[in-house]
Every structure is written in structure tokens, then in C-alpha cells.
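> Model the structure of this input:
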Amino acid sequence: MEVSLNKLTQKDCHIARMARDRRFDGRFYVAVKTTGIFCRPICPANLPKEENVEYFLDKAQALQAGYRPCLRCRPDSAPSSWAWKGVEATFQRAVKLIEQGDLTHSSLTELSERLGISDRYLRKLFNQHIGMSPKQYAICYQLMFAKQLLHTTKLTVTDIALASGFNSVRRFNDAFKQTLKLAPSQIRKETNLDNRVNHVDLAFRGAFDWQHMLDFYQLRAIEGLERVTSDSYQRYIQIEDCRGWFSISNPKSGVMRVEFKLDDMSKLRELINQVRRMFDLDSDVLQIESHLSSIEPELIKRSGIRIPGVWSPWEAGVRAILGQQVSIKAAIGQLNLLTQTLQSNGVTHFPTPQEISQADLSFLKMPQSRKETLARFACYMMEHADAPLEHWLDLKGIGPWTVNYARLRGNSEPNCFLDSDLVVKKSCQNFTNLTTETVSPWGSYATFHCWSHA
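Okay, here's the model as predicted:
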């Protein structure tokens, strides 16, 4: 069948579920009227008759309609949906902020102000695009996240309630029973947790060139902070005042297993959001590579190349400043010197803006002007951590290359084509159809595929 990558008809959904086509996993959900359960299109259960099913583009919609998630195929673990791609940008941004937990620590009015709209208009957007209020969407998202943790971690129900954004176990239990028609303890009883470390399984769609990503990280790993082996990536992280660690081994069958430790389990959702972005788990590789191949058929030398991100735009900015006009090896040498000097008792996190702004950077072996740029950047980020990256250009010593590097690896933006890069320029001599316009909106992936030909 011909696959529509943006909108699905009922006929598309019917054919996909009958074939249990994995390309559609996470793109829609199948609700069975006779059982009150909703499933992924790949669920191995007996296929119900078409007159007994209805389709939803998002699991939150299925929950809101009164269906409970299947315990066999676990729709909570499906890849992130692309259902809302192409709709109003403000709505997309609101969904992203809610999934990051904004409504768990701020009000709808505060979220609306952050978006630059009224709370009335925000509710209108959600009713228009998803048929429910922002708060209802937030609760559905929290509950599906909690269900995933009940299946895959040893966390206590109290820790899971906190990690999911609930202020109390009682409120968590009530919401869980009311919406999912099950008690959290019933999920936990069906899950064997013996001899497990804390982990969570994150789904993704399409090919994943894990070796390409490991090779990229290996060249740029910071001693003591990151460890890259032949099949795994590990690093220490910091979320506000919470310290933690995670490890990822070779992803298989569309699932990336993340082992983790956190001082504060309420930060788990933020850890997972960051890991999904850092390893580019929400990209639709099939669509991206189809688009790029239509421009230059020989460009895709290795299928499954994704954007290898770093932990934050701040870290990407520091890496870019230290990497200005020097080799990768020289830049990492300076990063190692910076982290080990500022954390002489052992590296536990990437240096913070406060630590760098208060340090005497004379120990760094690079031009004085670059040290001053680093100090200036640290002072700026202490006051403007969430400022648009384009504002960095107002700082002396920071130019377009530094900002584009941060866009590419710190924000994992999909459409950052580095056509001024020497390797990309050379590739464009062979692939003459590659331009900023033709590769849009997948310029970042075009950049990495150009690099793969070096």
C-alpha cells in the first residue's frame, strides 16, 4: 500500500493494523469497543472486526474516550507520535512543554503567558487539535508515563508518583484507577522485577545506526564525565541540583533501554525527555531518508544516521567555543583540562555557568580572547539560560558557527544545514542538488550524511 506520511485515513489504519505494519507503530492506536481496550497496531492479540474498532491518533485521546491501555502490547511504550506534525506551531510548543512537565509546577495561565497567548486561546487550540483540555492531556501523559515506569523499573509507587508529576500517592492512585481502570499495584504484580537495576525502555521508529553515533561520541567524549565502549554510552548528568547517571547499550528491535540513577526521582521525566532528544529517538528516519534520497539518490550511504546531541545548549556552546578554529582532538583536550581542573576531586557533572564564571581560566591553553569569550558566555548564561540561541550573537567572540553548532547538537534542531562547513562544501560539489532550500526541513540530517562521505 502507499504510505501517507502526514495524514492517515481510516482505510490506511485498517490495512496497517491487519498487516501489523511496524511502520505505523505509534502513529495511531486501535480501540476495541467490545473490550474497552486500546492497542498499538502491532498488537499480537486476535484481530477484531472492523465494525468493533475505532482509531485515535494519540493515546491521550483513547484514554479520554474511556478506553484503557492493553497490558499485552503496552501502548504506553509505543514510539512518540507524529500526529501533530504540521499543525499550528503554538500548539506544538504547548504540547512539548506539557510533556516536559510544565503544568505540574505551574498554572495554565503561567503556561499561556510563556507561550504569549491567553489561556482561553490555549484551551481552544487543544479542543481544536486533540479534543480535550491542556490539563486533561497533561494527566493522560503523566499516567501513561507512570504505567511505563511500573512495568520497567524497581521504583516504589511513591517514587513513580513523584516522577510522573503527582504531588501525592493518594492523588496518583485515584487518577490511575479512574482513568486506566486499574490500580498501580495490579500493574506491579504482573511485572517481575527481580535482579533488575532501574531502567526504562524508550521506543523509536525506523533504522538506528548505533555504531555511527558511538563513533561520533567516542571522538568527543570528556574523560570522567562520559564513557563510550564498543556497544554502549554512559555519562553523568545534572538537572538543577539533582545529580545522576545513565547508560545505554546497543538499541534493538526499536527499543532503547536506559539504565539510570537519580538523586531525586521527581526529575526522571526530564531525564527521559533529554535522552529522547539527545539520541534523536523521535525522528522519522523513513520519511527523512526518503526525502533526501529523492534529492540525491546516492547521498544515503548509511541508513539510520540520527543527530548525536549533547546534554544541553549550554554544554554545546562551551564545546563550540573551545573548538573554534582547532581540531576535534585539541578541543577535547581543552574540555578535559577544564572539567578536571574545576572538579579536582573527580568529575561528576559538566561544569556549570556559575563554576566557569567564578574560575580563573588562565590554566586553559588557548588564546586569551577565547578565554574571555568563554567567561563572557558563562556570565550571560547565568542570567539568560533560556534565551534564544540567536541572542548569543550579541556576545563578542561568538559567531554563526558557534550558534549553529549549538542548534545542531544542543537543541537537536532538524533543519540546520551547515553549508559553510568544509566537508559539507566538498560533498555539495558531488551532490549538486543539495541546497539549504532542497534539504529543508531535514538540513541537519543532510549535514551528517554529507559528513559520512568524508
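
> Specify the local secondary structure of D201.
Recorded secondary structure, D201: strand (DSSP: H, G, I helix; E, B strand; the rest coil).

> Please disregard the earlier target; I meant W311.
Per three-state DSSP, the local secondary structure of W311 is coil.

> Name the nearest residue to it, sequence neighbours excluded.
The shortest distance from W311 to any residue that is not its chain neighbour, by Cβ to Cβ, 6 or more residues apart in numbering, is 5.9 Å, and that residue is I237. The C-beta positions use only the backbone N, C-alpha and C, and glycine is treated the same way.

> wait, isn't that neighbour in contact with I272?
No - no contact is recorded between I237 and I272 when judged using Cβ atoms under 8 Å, the distance being 11.7 Å.

> And those two? Which one has more around it.
Residue environment comparison for I237 versus I272 gives the larger neighbour count to I237, 24 against 20, counting by other Cβ atoms under 10 Å.

> Poorly predicted segments of the stretch 101-250 of the chain, please.
Of all residues in the stretch 101-250 of the chain, those with pLDDT under 70 make up the ranges 189-197.

> Surely R227 is in a helix?
No - the assignment for R227 is strand, going by three-state DSSP, so no helix is present there.

> Just grab the bridge partners of it for me.
R227 has the following beta-bridge partners by DSSP bridges: Q234.

> Please list all residues in contact with it.
Shown here is R227, whose contacts under the criterion Cβ atoms under 8 Å, 6 or more residues apart in numbering are 221, 233-235.

> mind giving me the domain split of the chain?
The chain is divided into the following domains under automatic domain parsing: 10-74, 199-282, 313-451.

> Of all the residues in the lengthiest helix in the chain, which ones are buried?
Here the longest helix in the chain is taken by residue count, with DSSP state H as the criterion, and it is helix 134-152. Of all the residues in helix 134-152, those buried under the rule 16 or more other Cβ atoms under 10 Å are 134, 136-152.

> swap in stretch 45-54?
Of the residues in stretch 45-54, those buried by neighbour count under the rule 16+ other Cβ under 10 Å are 48, 53-54.

> can you check stretch 103-121 too?
If you call a residue buried by 16+ other Cβ under 10 Å, then stretch 103-121 has these buried ones: 103-104, 108, 111-112, 115, 119.

> what number of residues lie near the closest residue to A146 other than its chain neighbours?
Counting by Cβ to Cβ, 6+ apart, the nearest residue to A146 once its immediate chain neighbours are dropped is S164, at 4.0 Å. Neighbours of S164 under the rule other Cβ under 10 Å: 27.

> pretty sure S164 is touching K147, no?
No - S164 lies out of contact with K147 (Cβ under 8 Å); the separation is 9.1 Å.

> What ranges does the stretch 201-350 of the chain have for its helices?
When secondary structure is read from DSSP state H, counting those that start in this stretch, the stretch 201-350 of the chain shows helices at 210-220, 268-278, 285-295, 313-322, 328-342.

> Pipe these into TSV and attach distance to K425 per row.
As requested, these are exported to TSV (distance: least, Cβ to Cβ, whole Å):
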stretch	distance to K425
helix 210-220	20
helix 268-278	28
helix 285-295	17
helix 313-322	19
helix 328-342	18
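
> residues making contact with stretch 433-451?
Outside stretch 433-451, the residues within contact range by Cβ under 8 Å, 6+ apart are 283, 288-289, 291-292, 295-296, 299-302, 305-307, 408, 412-419, 421, 423-424, 427-428, 431.

> Show me which of those residues are buried.
Buried members of these, scored by 16+ other Cβ under 10 Å, are 283, 288-289, 291-292, 296, 299-300, 305-307, 408, 412-419, 421, 424, 427-428, 431.

> hang on, L122 in a helix?
Yes - inclusion of L122 in a helix is indicated when three-state DSSP is applied.
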